[in-house]
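Peer 1: sequence and predicted model, in that order:
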Amino acid sequence: IPEETNLKELTFKALFLGLIMAVILGAANAYLGLKAGMTVSATFPAAVIAMALLKVWKGTVLEENITRTTAAVGEALVAGAIFTLPAFFMSGAWVDLKGIHFWEATFIILIGGVIGVLFVILLRRPLIEEGNLPFPESVACAEIVKAGQKGQKQAKYVFSSMGFAAFLELLKNESGFQIFKDTISHFFKFPLVKGKELGGGVFLSSPILSSALVGVGYIIGFEWAAISFAGGILTWLVFVPIFYFTKGNITANPEELSILIWKEEVRPIAVGAMLVGAFYTLYKMRGSLIEGFKRSYEDMKKHHSLKGTEGRLSKDLPLFWIIAGVLIMVIPMFFLYAHFVKNIGWGLLSTIIMIVTAFIFSAVGGYLVGLIGGSNQPISGLALTALIISSLIMLAAGLKGIPGVIAVLATAAVVCCASSMAGDMIQDLKVGQIIGGTPWKMELVVIISVIVVSFTLIFPIRWLHYGTPGGLGGENLPAPQAGLMAFMSKGIMGGEMPFTYILIGIGLGIAFILLKAPSPMLIAVGMYLPFSSTFAIFVGGIFQLITKKIAEKRGYDASQKMEVENKGTLIASGFVAGEAIIGVLLALIVVLNINLPKIYSFFGMEQGSGILGFAVFGLLGWILIKFPLTSFAKEENKEL
């Protein structure tokens with residue numbers, strides 16, 4: 001939408017629909033995250049639902065953009081909440097989610113969410129307008145919006161691939177009808193060392209059968225996908241086998257032990273590398289960040305309102321509003337920290353740490369979303385890094401025990417919500433930039449949505465806690481990321497944490513930088529994520545590379561190559577959106593305790609078939625390679 005176009009944008013119906021969807025999508029994702037340790041990006045379901053509803057109500061594409069932006073807040077905030085808040089229970093700091101703890105949890109979510117949005121507004125120009133980042137999911141979402149709005153021929157690529165991905169997710173999700181297994185894994189044993197009780201092996205997994213991750217890999221391209229996969233190779237072909245080997249000839253289940261080594265020994269190494277990568281990323285962005293602050297300051301001097309000479313597509317909320325908003329959030333957080341540790345000095349220290357780390361990881365979170373998309377943003381890894389930093393500072397200052405655990409968990413929780421919201425906001429702002437949305441209007445509705453969702457999000461989490469056997473942290477709601485937060489905070493503040501792994505990771509991160517690795521942060525993220533996830537992204541990157549090479553071999557000119565790339569992006573976008581939509585719906589079905597029949601049981605199988613999963617990968621590759629090239633093949637045949 002051109003800058004001078006005057007379309008309805010920020011209207012009551014657009015905002016109201018977005019708020020309702022934000023609450024629903026947030027509740028649906030709460031269960032999924034507590035159960036499986038992951039959430040499903042709400043940007044795509046929100047985009048499709050907004051298009052459907054506002055078509056009926058004759059809304060404009062800019063109103064659809066406002067509704068989608070508002071709705072996506074629910075999933076982003078719930079990710080920040082469920083990765084940290086259950087840690088208060090697991091560490092023994094809290095006993096329930098009622099009374100005072102209800103309000104403490106609510107204000108942590110509210111303050112973290114609003115601060116994340118305010119900080120990322122300052123980063124919009126350096127990350128979106130000046131940063132050379134692919135923003136794979138933003139591009140995918142914008143293509144879906146454009147295809148649905150214009151009714152162009154390419155719409156068939158988006159919506160047909162959406163339907164295929166949705167159908168596939170129904171057939172392979174454990175909460176769906178399930179006929180496929182997500183992955184196949186096996187432990188390959190090495191022979192014992194002669195004369196010693198030392199053995200070992202390697203635990204390998206196939207890529208996870210996820211059309212969304214394959215689509216992300218296709219969109220970001222082979223190079224970025226390969227960098228992420230390099231981290232997975234370092235973890236599962238180097239570090240895990242080494243640690244396994246040094247444990248001797250043990251009788252434990254080798255697959256379970258390998259996963260335990262990854263979680264408790266290699267992931268802390270990845271966190272150390274991420275710590276270095278985070279600061280290195282900020283260092284590389286220093287010029288753009290300083291320029292962004294200068295521009296914001298100049299804008300504030302010119303005008304304190306939303307009026308001025310600047311064009312609609314470049315106008316953010318004024319810097320004066322942002323500074324005032326941060327102060328309004330920081331003051332109650334200071335009192336909350338002081339309440340946690342029963343000391344004003346410790347409360348002030350916690351507040352300072354929170355502000356600094358929240359800004360740093362909001363920037364890093366936004367940068368990573370620009371690289372690999374919101375669905376793959378390592379939110380818990382960023383929060384864990386913030387937890388380690390705050391733990392070490394507070395421990396050095398003399399704060400220990402349960403008050404220290406509560407202080408570092410509260411800091412990590414705010415940072416987690418802030419970085420999650422920053423990633424979501426920057427992704428939505430990029431979509432807005434592509435389709436012509438007004439930045440300040442998007443920023444304003446997200447702040448409103450954060451406030452509304454913050455006061456409703458605790459209810460589904462509380463219902464799940466009290467309505468599920470074992471509650472938060474139990475077998476049915478393990479909340480794995482929160483468990484790691486509790487483990488790390490208690491270990492560090494209790495003086496029992498082995499810092500060796502984190503120091504190894506710091507050394508590894510420095511080595512990446514000295515080797516001039518393309519993205520040290522992305523390698524560390526690949527180490528932190530499951531191997532099956534980075535493998536699936538890499539497979540998508542391979543499909544993109546094959547398509548590109550075929551186009552080059554056929555001698556396509558620049559315009560033809562661009563058309564091939566656009567068609568591939570549309571199809572990959574549909575894959576991402578289709579899986580995300582069904583993932584949210586299946587999460588809601590699970591919350592409602594509806595059990596769908598399993599197809600594999602009709603064939604006498606005990607579980608879904610892994611072999612069929614490999615066949616589906618072949619089908620995904622065929623679709624992503626053949627269809628972008630199809631029209632040109634027809635033209636060549638006509639010429640012959």
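Peer 2: That came in fine, so what should we check first?
Peer 1: where does pLDDT dip in the stretch 151-300 of the chain?
Peer 2: Applying pLDDT under 70 to the stretch 151-300 of the chain picks out residues 151-155, 192-199, 248-251, 278, 282, 285-300.
Peer 1: which stretches of the stretch 301-450 of the chain form helices?
Peer 2: Applying DSSP state H, counting those that start in this stretch to the stretch 301-450 of the chain gives helices spanning 319-341, 344-372, 379-397, 401-435, 439-467.
Peer 1: tilt between the helix or strand following the last one and helix 401-435?
Peer 2: Next helix or strand after helix 439-467 toward the C-terminus (DSSP states H and E): helix 480-493. Using axes from the mean of the first three to the mean of the last three Cα atoms, to 10 degrees, the inter-axis angle of helix 480-493 relative to helix 401-435 is 140 degrees.
Peer 1: what does helix 480-493 rub up against?
Peer 2: Identification of contacts with helix 480-493 by Cβ atoms under 8 Å, 6 or more residues apart in numbering yields 37, 82-87, 90-91, 263-264, 267-268, 380, 383-384, 387-388, 391-392, 394-395, 399-401, 404-405, 408-409, 412, 472-473, 496-497. Bear in mind the C-beta positions are built from the backbone N, C-alpha and C, glycine included.
Peer 1: how far away from the center of its chain is it?
Peer 2: Helix 480-493 has its C-alpha centroid displaced from the chain centroid by 20 Å (Cα atoms, centre = their mean, to the nearest Å).
Peer 1: then stretch 109-117?
Peer 2: The chain centroid and the centroid of stretch 109-117 are separated by 16 Å under Cα atoms, centre = their mean.
Peer 1: now do that stretch, average pLDDT.
Peer 2: Confidence for stretch 109-117, expressed as mean pLDDT, is 91.
Peer 1: C-alpha coordinates for it, CSV please?
Peer 2: Backbone C-alpha positions of stretch 109-117 (Å, rounded to 0.1, in the frame of the first residue of the first chain) are rendered in CSV as follows:
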residue,chain,number,x,y,z
ILE,A,109,4.5,-10.7,32.2
LEU,A,110,3.1,-7.1,31.7
ILE,A,111,6.4,-5.3,32.5
GLY,A,112,8.5,-7.7,30.4
GLY,A,113,6.1,-7.5,27.4
VAL,A,114,5.8,-3.7,27.4
ILE,A,115,9.5,-3.2,27.8
GLY,A,116,10.3,-5.6,24.9
VAL,A,117,7.9,-3.6,22.6
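Peer 1: what does it contact?
Peer 2: By Cβ under 8 Å, 6+ apart, stretch 109-117 touches 73, 76-77, 80-81, 85, 325-326, 329-330, 332-333, 336, 355, 358, 362, 365, 413-422, 425, 443, 446-447, 450-451, 453-455, 457-458.
Peer 1: need the buried ones from the residues you listed selected in ChimeraX.
Peer 2: Listed next is the ChimeraX selection for buried residues among the contacts of stretch 109-117, using 16 or more other Cβ atoms under 10 Å:
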select :73,76,77,80,81,85,325,326,329,330,333,336,355,358,362,365,413,414,415,416,417,418,419,420,421,422,425,443,446,447,450,453,454,457,458
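Peer 1: okay, the helices of the stretch 301-450 of the chain, which one's buried deepest?
Peer 2: Across the helices of the stretch 301-450 of the chain, averaging neighbours per residue (mean count of other Cβ atoms under 10 Å) puts helix 401-435 on top, at a mean of 28.
Peer 1: between helix 439-467 and it, find me the angle.
Peer 2: Interaxial angle of helix 401-435 relative to helix 439-467 (the same axes, to 10 degrees): 140 degrees.
Peer 1: how distant is helix 401-435 from the center of its chain?
Peer 2: Here the centre of helix 401-435 is set off from its chain's centre by 11 Å, with Cα atoms, centre = their mean.
Peer 1: again, but for stretch 173-183
Peer 2: Counting by Cα atoms, centre = their mean, stretch 173-183 comes out at 22 Å from the chain centroid.
Peer 1: swap in stretch 361-368?
Peer 2: Taking Cα atoms, centre = their mean, the mean C-alpha location of stretch 361-368 is offset from the chain mean by 11 Å.
Peer 1: same question for it, mean pLDDT?
Peer 2: In this model, stretch 361-368 has a mean pLDDT of 80.
Peer 1: residues making contact with whichever strand or helix holds residue 243?
Peer 2: In the assignment (DSSP H and E), residue 243 maps to helix 240-246. Contacts made with helix 240-246 from outside it, assessed by Cβ under 8 Å, 6+ apart, are listed as 190, 198-203, 254, 257-258, 261-262, 265-266.
Peer 1: show me what the helix or strand following that helix packs onto, helices and strands only.
Peer 2: Counting by DSSP H and E, the next helix or strand C-terminal to helix 240-246 is helix 254-261. Counting contacts by 3 or more Cβ pairs under 8 Å, 6 or more residues apart in numbering; DSSP states H and E, helix 254-261 is packed against strand 185-190, strand 200-205, helix 240-246.
Peer 1: and those: which comes nearest residue 133?
Peer 2: strand 200-205 (28.9 Å; Cβ to Cβ).
Peer 1: quick check: angle from the next helix or strand after the closest one to helix 344-372?
Peer 2: Next helix or strand after strand 200-205 toward the C-terminus (DSSP H and E): helix 211-220. Relative orientation of helix 211-220 versus helix 344-372 (the same axes, to 10 degrees): 80 degrees.
Peer 1: give me the residues contacting helix 211-220.
Peer 2: Helix 211-220 has contacts (Cβ under 8 Å, 6+ apart) with 134, 136-137, 139-140, 164-165, 168-169, 207, 225, 371-373, 375-376, 533, 536-544, 568-569, 571-576, 578-580, 617, 620, 624.
Peer 1: redo the helices of the stretch 301-450 of the chain as JSON lines? Include distance to residue 486.
Peer 2: As requested, those are exported to JSON lines (distance: least, Cβ to Cβ, whole Å):
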{"stretch": "helix 319-341", "distance to residue 486": "16"}
{"stretch": "helix 344-372", "distance to residue 486": "18"}
{"stretch": "helix 379-397", "distance to residue 486": "10"}
{"stretch": "helix 401-435", "distance to residue 486": "8"}
{"stretch": "helix 439-467", "distance to residue 486": "15"}
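Peer 1: between those, which one is closest to residue 61.
Peer 2: Of all the helices of the stretch 301-450 of the chain, it is helix 401-435 that lies closest to residue 61, at 6.4 Å by Cβ to Cβ.
Peer 1: what is the mean pLDDT for the closest one?
Peer 2: Rounded mean pLDDT across helix 401-435 is 86.
Peer 1: OK, contacts around residue 276?
Peer 2: For residue 276, the contacting residues are 505-506, 508-510, 512-513, 520, 524, by Cβ under 8 Å, 6+ apart.
Peer 1: what about it, distance to residue 511?
Peer 2: 9 Å (Cβ to Cβ, to the nearest Å).
Peer 1: and what of residue 110?
Peer 2: Using Cβ to Cβ, one obtains 40 Å as the distance from residue 110 to residue 511.
Peer 1: then residue 8?
Peer 2: For residue 8 relative to residue 511 (Cβ to Cβ), the value is 54 Å.
Peer 1: element containing residue 525?
Peer 2: Going by DSSP H and E, residue 525 is part of helix 520-528.
Peer 1: helices and strands around that helix, which ones?
Peer 2: Applying 3+ Cβ pairs under 8 Å, 6+ apart, we find helix 520-528 packed against helix 222-233, helix 267-284, helix 344-372, helix 379-397, helix 500-514.
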